[in-house]
Each structure stands twice: as structure tokens, then as C-alpha cells.
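Asker: The sequence and its predicted three-dimensional model are supplied below.
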Amino acid sequence: MIYWLTHTLARLVGHIVFRHRTLHREFLPESGGAIIVANHVSFLDPSMIGACFRNPIYYLARKSLFKGFLGWLLPRIQVLPVDRGKGDLASMKRILNLLKAGHRVLIFPEGTRSTDGELQTAEAGIGFIIAKCEVPVIPVRIFGAFECFPRASKWPHPGRITIVPGPPVAFADLPADLTGRERYQACADQVMKALAEIRLDA
């Protein structure tokens, strides 16, 4: 119930304040396990991307946010705590289990919000998850969120936010001799390449 209340609120705010729209909705998986990868430019990103989906998805957030009211709310809206800066194997295992159980998990490969709205280098952690769980990886690029609520701003302001999904990321052309961390980073770089190829075309 709490998830759907927050989801509905995000959709309303998105449409009224940010003129939220989704292009190429056919690429969004509404069932089955999938990793949703997106660029990260604003606090608005999780809610605006989640609002695109008709069925629930899971989110990630840094562990330090799980305090007070947020510590009560976040688990109830399917947000998982991640201990950034450490090898958080417990969180990785939980993510893998969710994907294998047929859930969709939103991950920001860059790890943190961009300071200038441009794409950043992906962390190797997303590559580890991709290598360990054979599910589709769907790139989703968010446009306009940086202009509405950049990292340096204290408050959001109205604008237009557009979500543009793309086809599943292909990894078949990666060198076969890559192993371990090198392969994880190559998978992460392939994700960022797919995001960079998405354009605001309508």
C-alpha cells in the first residue's frame, strides 16, 4: 500500500510539476528479472524512473540514508541499503537473489550524481552483477532532471523530464579473454556506451 501511494504521488508530481513523459515504453520490462541501468544526475531520478513502470521495481540507496523517518519508509517502498565505498557482499547477494526471482532492480552504474549533468565513468560493481546474473540489462536515460534539480541546488524547480529507455545492452562482442575485474569493468563500460547512444529524439 505504501509503495503504491508513493508511486502515485511521484506520477502526479511528475506530470504536474515536471511534465513527465516516457518515450519508447516498449523497451520497459514489466515482468521477469531485469537490471534497469540509468544515468544519475538528480535526487529526482529514482522516483521519475520508477513512475514509468506500471509494476513495482526495486531501488538502491546508500546505507547512511536509512535513519529516522527514511529508515522506516525506504524499506516499505522497496529501497535496498547499499554500503558504498566497501565490498558490500550482503547487498550484492540480495540484489542477485531478487533478479533471479524475477524482479526488476534499478541501478545507477555511476554510483553518484553527476555534478555537470554529463555521463560519468561506471563503477565495476554493475559489471559484477551483470556477470553473475543472466538477465536483460535495460538502459534508461533521463533528460531534464539535472535542469530541474541539479546536485548543487537545494530545491527543485519546474521543467520537463523525459525518460528514454533503449533496447537491452549487448555484451556478446566483449573480448572472451577478459576475466575478473577487467571483465566487470568492460561490462560496466558497455552499459555507459549504451546510455550514451540514447538520444532525446521526440
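Answerer: Here it is on my side, so go on. These numbers come from a predicted model, not from an experiment.
Asker: Now stretch 4-18: buried residues?
Answerer: 6, 7, 10, 11, 13, 14, 18 (16 or more other CB atoms under 10 Å). Quick note: C-beta positions are derived from backbone N, CA and C, even for glycine.
Asker: no no, stretch 171-188
Answerer: Using 16+ other CB under 10 Å as the burial criterion, the residues of stretch 171-188 that qualify are 171, 183, 184, 185, 186, 187, 188.
Asker: would you say the second one is within a helix?
Answerer: So the one you mean is residue 183. Yes: the assignment for residue 183 by DSSP: H, G, I helix; E, B strand; the rest coil puts it in a helix.
Asker: in this structure, which spans are helices?
Answerer: In the chain, the segments counted as helices under DSSP state H are 2-17, 45-50, 68-76, 89-100, 124-132, 145-148, 180-197.
Asker: between the buried residues of stretch 4-18, which is closest to residue 29?
Answerer: Lowest distance from residue 29 to these (CB to CB) belongs to residue 7, with 16.8 Å.
Asker: thinking again about what came up before, output the helices of the chain as JSON lines; include the columns mean pLDDT and distance to residue 164.
Answerer: Shown next, in JSON lines, are those (pLDDT from 0 to 100; distance: least, CB to CB, whole Å):
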{"stretch": "helix 2-17", "mean pLDDT": "96", "distance to residue 164": "15"}
{"stretch": "helix 45-50", "mean pLDDT": "98", "distance to residue 164": "11"}
{"stretch": "helix 68-76", "mean pLDDT": "96", "distance to residue 164": "27"}
{"stretch": "helix 89-100", "mean pLDDT": "92", "distance to residue 164": "23"}
{"stretch": "helix 124-132", "mean pLDDT": "90", "distance to residue 164": "19"}
{"stretch": "helix 145-148", "mean pLDDT": "97", "distance to residue 164": "12"}
{"stretch": "helix 180-197", "mean pLDDT": "94", "distance to residue 164": "10"}
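Asker: Between those helices, which one is closest to residue 160.
Answerer: Proximity to residue 160 (CB to CB) singles out helix 145-148 among the helices of the chain, at 8.1 Å.
Asker: outside of the closest one, which residues touch it?
Answerer: For helix 145-148, contacts defined as CB atoms under 8 Å, 6 or more residues apart in numbering pick out 18, 41-42, 44-45, 48, 114, 117, 156-159, 161.
Asker: try it again with 6 Å
Answerer: Helix 145-148 is contacted by residues 18, 41, 42, 44, 45, 117, 156, 159, 161 when judged by CB atoms under 6 Å, 6 or more residues apart in numbering.
Asker: How about stretch 70-78?
Answerer: When contacts are defined by CB under 6 Å, 6+ apart, stretch 70-78 is touched by residues 2, 3, 6, 56, 58, 66.
Asker: The residues you listed: which two are farthest apart?
Answerer: The widest separation within the contacts of stretch 70-78 (CB to CB) is 19.2 Å, between 56 and 66.
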